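Sequence below, structure please.
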Amino acid sequence: MATVINMPRLSDTMEEGVVAQWLVKVGDKVEEGDILAEIETDKATMEFESFHEGTLLHIGIQEGETSPVDKLLAIIGEEGEDISGLLNGDSTPAKAETEQETKEEKSTTSDDKKVDSVAIPDGVNVVSMPRLSDTMTDGTVATWLKNVGDKVEEGDILAEIETDKATMEFECFYEGTILHIGVQEGETAPVDSLLTIIGPEGTDVSVIVANGGAVESGSSENKSEVKTEQKVEEKAVKESSQDSSNPSTNNSGGRVFASPLAKKIAEDKGFNLTDIAGSGENGRIIKKDVENYTPAAKAKETVTAPAAQSFVAAGEEKSEEVKNSQMRKAIAKSLGNSKFSAPDFSLNIEVDMDAAIASRKTINAIPDVKVSFNDMVVKACAMALQKHPQVNTSWNENTTIYHSHINVGVAVAVDEGLLVPVIKHTNQLSLTQIGASVRDLAGKARNKKIAPAEMQGSTFTVSNLGMFGINNFTSIINQPNSAILSVGAIVQKPVVKDGQIVVGNIMNLTLTCDHRTVDGAVGAQFLQTLKTFIENPVTMLA
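Sure, this is the predicted structure:
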């Protein structure tokens with residue numbers, strides 16, 4: 001018997017998902033545990049495996065399409081099996097009853113709230129600021145793609161909304177006319193506040209606007225649920241017609257379909273999106289299209305004066321305000337809380353790296369093995385934390401939490417800010433295992449594929465700016481950790497060895513500690529132990 005597979009809920013805050021890639025196609029045999037597709041959630045792109053075996057009979061959501069949770073994703077059954085009844089919705093009577101119960105509950109709830117809300121006109125839908133990530137408390141409208149008075153349909157992209165993690169496209173789930181826009185471009189509003197109102201042209205919504213978007217639930221929400229079942233097929237038809245008109249190369253004033261990142265890169269480089277051919281779904285312009293585009297060919301066709309550029313006269317003072325991104329705000333809040341709440345102090349020590357350099361050269365001579373100096377520092381930190389458990393703690397007002405496990409976080413710079421992937425149980429890993437884990441997690445972080453669980457649970461943090469030529473710096477503690485280690489570059493300088501001045505390879509380490517849990521003597525002893533391990537790498541292999 002055929003089995004219906006719905007769009008899964010892959011995170012606690014996921015309300016809809018995007019099929020990034022199908023790894024099987026209709027007609028393929030699948031077994032339990034096979035990966036069916038890669039699905040993009042509000043947090044990461046995750047693999048979705050099959051819990052059934054059989055033949056893939058139908059795909060309900062194509063690559064690049066967005067669908068709410070619990071909507072038809074695929075059907076698996078016996079080869080040649082008739083699934084027309086499932087496609088017509090005959091397999092979901094229980095779901096219909098559940099939706100009816102939900103509607104009745106909403107109707108009952110609305111009766112209780114009539115005092116604080118206003119009746120919604122027939123056909124009018126109030127759209128609130130969506131919660132696009134688990135930590136999102138407010139959002140900024142980066143760009144409106146529709147104006148008041150424009151006709152919209154289900155699946156149309158209304159706006160690009162900037163969260164604390166990324167700029168995401170927000171699509172419409174209704175059809176009608178834009179009657180009111182509650183949050184203008186560049187403005188920030190809390191989640192669930194009035195974003196826009198959609199309904200029949202000419203409808204008076206002044207009462208709803210005056211009431212801040214608070215309306216009686218029931219009519220519009222119930223209607224939207226009835227329509228949602230038709231969304232997948234209708235969206236496929238609409239996107240097919242959009243593809244035939246080739247909107248990505250439309251020079252007649254039509255909308256250009258492009259990802260937010262592609263638009264930003266094109267704007268920075270001064271490219272016109274209408275000149276760029278899209279390789280994404282339905283001709284959508286993506287990052288690589290802009291990066292691979294060269295305007296040289298067009299420049300040869302018509303010899304024109306160069307485009308006007310911003311010019312600042314000598315002696316003129318000019319300033320420009322750039323709105324902070326949601327991720328930058330989140331970083332500022334976290335680091336501010338750490339800096340202003342924890343009484344920190346820093347300790348500095350120089351480490352002789354001659355033996356470490358020789359050991360690394362020997363280790364990397366082994367085929368298929370690659371170890372960095374940072375991997376050696378991370379390993380040494382894990383071993384030093386075992387000997388100094390006071391540093392592997394967290395402050396909790398009335399108590400100090402001593403962690404028996406050692407999870408070292410490694411700070412990684414990304415385009416939008418700073419992420420800290422965590423290497424779990426670092427003290428149990430070898431140098432090569434640590435190196436592989438760091439490279440894997442850093443790559444995921446830079447490609448925005450890292451899962452939230454891979455950035456949580458650190459008990460100590462390492463920040464390395466040595467590759468940028470920084471000799472010495474002080475980091476801000478990554479709370480709730482009690483300490484963070486700042487690693488500088490290896491530099492050659494005169495040192496005294498056996499009474500002789502010779503050229504040595506020196507690296508500066510700075511340990512920043514939370515004085516509520518780590519005293520100066522404890523921090524100094526930790527650094528001494530760390531220095532011993534790094535200067536004698538063989539002790540880390542024993």
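
Only C-alpha atoms from now on, for both contacts and neighbour counts.
Noted.

Find the residue closest to D514 in space, skipping its chain neighbours.
If you skip the residues right next to it in sequence, D514 has D344 as its closest partner in space, 4.6 Å away by C-alpha to C-alpha, 6 or more residues apart in numbering.

From N292, how far off is I286?
As judged by C-alpha to C-alpha, to the nearest Å, I286 and N292 stand 10 Å apart.

Same drill for the two, tell me which one is more crowded.
I286 (22 against 9; other C-alpha atoms under 10 Å).

Is it correct that that one is in contact with K264?
No. The criterion here is C-alpha atoms under 8 Å, and I286 misses it with K264 at 10.7 Å.

tell me how far the ends of stretch 2-19 are from each other?
With C-alpha to C-alpha as the measure, the first residue of stretch 2-19 is 22 Å from its last.

Buried residues, that stretch. List them.
If you call a residue buried by 16 or more other C-alpha atoms under 10 Å, then stretch 2-19 has these buried ones: 2-8, 10, 14-19.

Any chance of CSV for these, columns secondary structure?
Formatted as CSV, the entries for these read as follows, by DSSP: H, G, I helix; E, B strand; the rest coil:
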residue, secondary structure
A2, coil
T3, strand
V4, strand
I5, strand
N6, strand
M7, coil
P8, coil
L10, coil
M14, coil
E15, coil
E16, strand
G17, strand
V18, strand
V19, strand
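
And for V538, the neighbour number?
The tally of other residues near V538 (other C-alpha under 10 Å) stands at 12.

do D268 as well
9.

Let me see the contact set for I349.
N508, L509, T510, L527 (C-alpha atoms under 8 Å, 6 or more residues apart in numbering).

Considering those, which possesses the most neighbours?
Neighbour counts for those peak at L509, which has 25 neighbours (criterion: other C-alpha under 10 Å).

What helix or strand is that residue located in?
strand 500-514 (DSSP states H and E).

next SSE after that strand?
Past strand 500-514, the next helix or strand by DSSP H and E is helix 520-535.

Show the model's pLDDT score for T102.
T102 carries a pLDDT value of 45.

meant to ask about K235
Among the per-residue scores, K235 shows a pLDDT of 44.

Then V391?
On pLDDT, V391 comes in at 97.

Would you mind confirming that it is in contact with D519?
No. The pair V391 / D519 is not scored as a contact, 9.2 Å apart, by C-alpha under 8 Å.

which intervals of the stretch 101-250 of the chain have sub-threshold pLDDT?
By pLDDT under 70, the weakly predicted segments of the stretch 101-250 of the chain are 101-118, 133-135, 165, 213-250.

what sits against V503?
Applying C-alpha under 8 Å, 6+ apart, one finds that V503 lies in contact with Q492, K493, P494, V495.

could those go into TSV alongside distance to S486 and neighbour count?
Formatted as TSV, the contacts of V503 follow (distance: C-alpha to C-alpha, whole Å; neighbours: other C-alpha atoms under 10 Å):
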residue	distance to S486	neighbour count
Q492	19	13
K493	20	11
P494	23	12
V495	22	15
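
In helices, which of these fall?
When DSSP state H is applied, these are split such that none fall in helices.

Take these and write them to a markdown table, including distance to L57 and pLDDT.
As requested, the contacts of V503 are arranged in a markdown table below (distance: C-alpha to C-alpha, whole Å; pLDDT from 0 to 100):
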| residue | distance to L57 | pLDDT |
| --- | --- | --- |
| Q492 | 66 | 94 |
| K493 | 69 | 92 |
| P494 | 72 | 93 |
| V495 | 73 | 91 |
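
Which one of those is nearest to N464?
Out of the contacts of V503, the one with the shortest distance to N464 is Q492. That distance is 18.1 Å, counting by C-alpha to C-alpha.

Do I have it right that the closest one meets N508?
No. Shown here, Q492 and N508 do not form a contact pair, counting by C-alpha under 8 Å, at 11.7 Å.

so how far is stretch 25-35 off the chain centroid?
29 Å (C-alpha atoms, centre = their mean, to the nearest Å).

who touches that stretch?
If you take C-alpha under 8 Å, 6+ apart as the criterion, stretch 25-35 is touched by 23, 47-59, 79.

Which members of those residues are classed as buried?
When the contacts of stretch 25-35 are checked for burial by 16+ other C-alpha under 10 Å, the buried set is E47, F48, H52, E53, G54, T55, L56, L57, H58, I59.

From S486, how far out is the first one?
Computed as C-alpha to C-alpha, the E47 to S486 distance reads 35 Å.

do the same with the third one
For H52, the distance to S486 equals 49 Å [C-alpha to C-alpha].

cool, and I181?
Computed as C-alpha to C-alpha, the I181 to S486 distance reads 48 Å.

okay, these two: which has more neighbours?
For I181 and S486, the more surrounded residue by other C-alpha under 10 Å is S486, and the numbers stand at 23 against 18.

so the helix or strand hosting the more buried one versus helix 520-535, what angle?
Using DSSP H and E, S486 falls within strand 483-497. Between the axes of strand 483-497 and helix 520-535, defined by axes from the mean of the first three to the mean of the last three C-alpha atoms, to 10 degrees, the angle is 60 degrees.

So which elements touch strand 483-497?
For strand 483-497, the contact count by 3 or more C-alpha pairs under 8 Å, 6 or more residues apart in numbering; DSSP states H and E identifies strand 460-464, strand 500-514 as packing neighbours.

at 10 Å instead, please
Of the remaining helices and strands, those touching strand 483-497 by 3 or more C-alpha pairs under 10 Å, 6 or more residues apart in numbering; DSSP states H and E are strand 344-352, helix 373-387, strand 408-410, strand 460-464, strand 500-514.

so what strands line up beside that strand?
Taking DSSP bridges as the criterion, strand 483-497 forms sheet pairs with strand 460-464 (parallel), strand 500-514 (antiparallel).

nearest to F257, of those strands?
When those are ranked by distance to F257, counting by C-alpha to C-alpha, first place goes to strand 460-464 at 39.4 Å.

Any buried residues in the closest one, and which?
Going by neighbour count (16+ other C-alpha under 10 Å), the buried part of strand 460-464 is F460, T461, V462, S463, N464.

So what's the gap between it and the chain middle?
The gap between the average C-alpha position of strand 460-464 and the chain average comes to 22 Å, counting by C-alpha atoms, centre = their mean.

still on that earlier bit, what residues do I286 and K264 have in common as contacts?
Contact criterion C-alpha atoms under 10 Å, 6 or more residues apart in numbering; residues shared by I286 and K264: A258.

what are the bridge partners for the residue nearest to N464 when sequence neighbours are not counted, then?
Taking C-alpha to C-alpha, 6+ apart as the measure, N464 lies nearest to V487, with 4.6 Å between them; neighbours along the chain are not counted. Going by DSSP bridges, V487 is paired in beta bridges with N464, L509.

Perfect, I'm done here.
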